[in-house]
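Engineer: here is my input, please return the structure:
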Amino acid sequence: MENDIPLKLSIPEWSEADRPRERLLANGPKALSDAELVAILIRSGTPKNSALDLARLILSKAGNDLHKLASLSVTELKKLKGMGEAKALSIVAALELGQRRRNATVEQRPLIAASREAYEVLRPWVADLPQEQFWLLLLDRGNRLLDRVKVSEGGLHGTVADPKWIFRKALEGGASSVILCHNHPSGQLRPSGEDITLTKKLVEGGRYLDIVVQDHLIIAATGYFSFADNGQLG
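Structural biologist: Have a look, this model is predicted:
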């Protein structure tokens, strides 16, 4: 009937282009507004307000300030019309996790700003191995360590490092830059011809993917060799 007033749609009923969950999957979380992210947390709205409408109301209550929103208690959030306990708990829990992540990021992830710092991170893992291994340090834009990944393992005289696998791991890990590393069980720190060729190939490949190869370390029980420090990075 013409005078019927339609109920507001829940997220699954929105058009495909407007669904925040689908937009997050397609474009990543950074493409979504604060309201869309909150709408994903609360999942559904009310007969009069969609999940996105309710999310905007919640943010308005906090003056559109995420720091203030994080200070609201479950009881305070439940005072808003359409906000039940489950929705309030989801928001409080998500913002607390975000706060804990920020604190942990600064305190726990080491800064890798020089070859010596990379060496100290990798030395316990590779310096005394009887066989050669190839490793990868994944770094964010601030040169803080995201992850340490073993690429391959070989014998006494060599190992194979597949560039496709290396950059796949870098992309999956969200790395902005990487530091390459392999050990020489023989104790010889001078790079081989194969080491130099591989390094140049990876530096060039990284340019196409917007991933900076910052250094390549050769580590042995006696110390390390840095391609960057010795002007051989390519």
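Engineer: only C-alpha atoms from now on, for both contacts and neighbour counts.
Structural biologist: OK.
Engineer: quick one: distance of the least confident helix or strand in the chain by mean pLDDT to the chain centre.
Structural biologist: One helix or strand of the chain scores below all others by mean pLDDT, DSSP states H and E: helix 85-108, with a mean of 81. The chain centre lies 16 Å from the centre of helix 85-108; the measure is CA atoms, centre = their mean, to the nearest Å.
Engineer: buried residues in the helix or strand following it, which are they?
Structural biologist: The helix or strand immediately downstream of helix 85-108 is helix 115-126, counting by DSSP states H and E. Using 16 or more other CA atoms under 10 Å as the test for burial, helix 115-126 gives Ser115, Ala118, Tyr119, Leu122, Arg123, Val126.
Engineer: now for the residues you listed: which two are most distant?
Structural biologist: Maximum pairwise distance in the buried residues of helix 115-126, criterion CA to CA, is 15.3 Å, between Ser115 and Val126.
Engineer: next up, the contacts around the residue sitting nearest the centre point of the chain.
Structural biologist: Nearest to the geometric centre of the chain sits Gly174, at 4.5 Å (CA atoms, centre = their mean). Gly174 sits next to Asp140 when contact means CA atoms under 8 Å, 6 or more residues apart in numbering.
Engineer: quick one: it and Lys87, what's the gap?
Structural biologist: Computed with CA to CA, to the nearest Å, the distance linking Gly174 and Lys87 is 30 Å.
Engineer: show me the domain layout of the chain.
Structural biologist: For the chain, the structural domains run 11-108, 115-226, going by automatic domain parsing.
Engineer: now the terminal residues of the last one, how far apart.
Structural biologist: In other words, domain 115-226. 6 Å.
Engineer: now do stretch 34-48
Structural biologist: 21 Å.
Engineer: flag every buried residue along that stretch.
Structural biologist: 34-46.
Engineer: pLDDT, distance to Asp65 and secondary structure for those residues - can I get that in a markdown table?
Structural biologist: As requested, these are exported to a markdown table (pLDDT from 0 to 100; distance: CA to CA, whole Å; DSSP: H, G, I helix; E, B strand; the rest coil):
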| residue | pLDDT | distance to Asp65 | secondary structure |
| --- | --- | --- | --- |
| Asp34 | 92 | 10 | helix |
| Ala35 | 91 | 11 | helix |
| Glu36 | 92 | 15 | helix |
| Leu37 | 92 | 14 | helix |
| Val38 | 93 | 13 | helix |
| Ala39 | 91 | 16 | helix |
| Ile40 | 92 | 18 | helix |
| Leu41 | 92 | 17 | helix |
| Ile42 | 92 | 18 | helix |
| Arg43 | 87 | 21 | coil |
| Ser44 | 87 | 22 | coil |
| Gly45 | 85 | 21 | coil |
| Thr46 | 86 | 23 | coil |
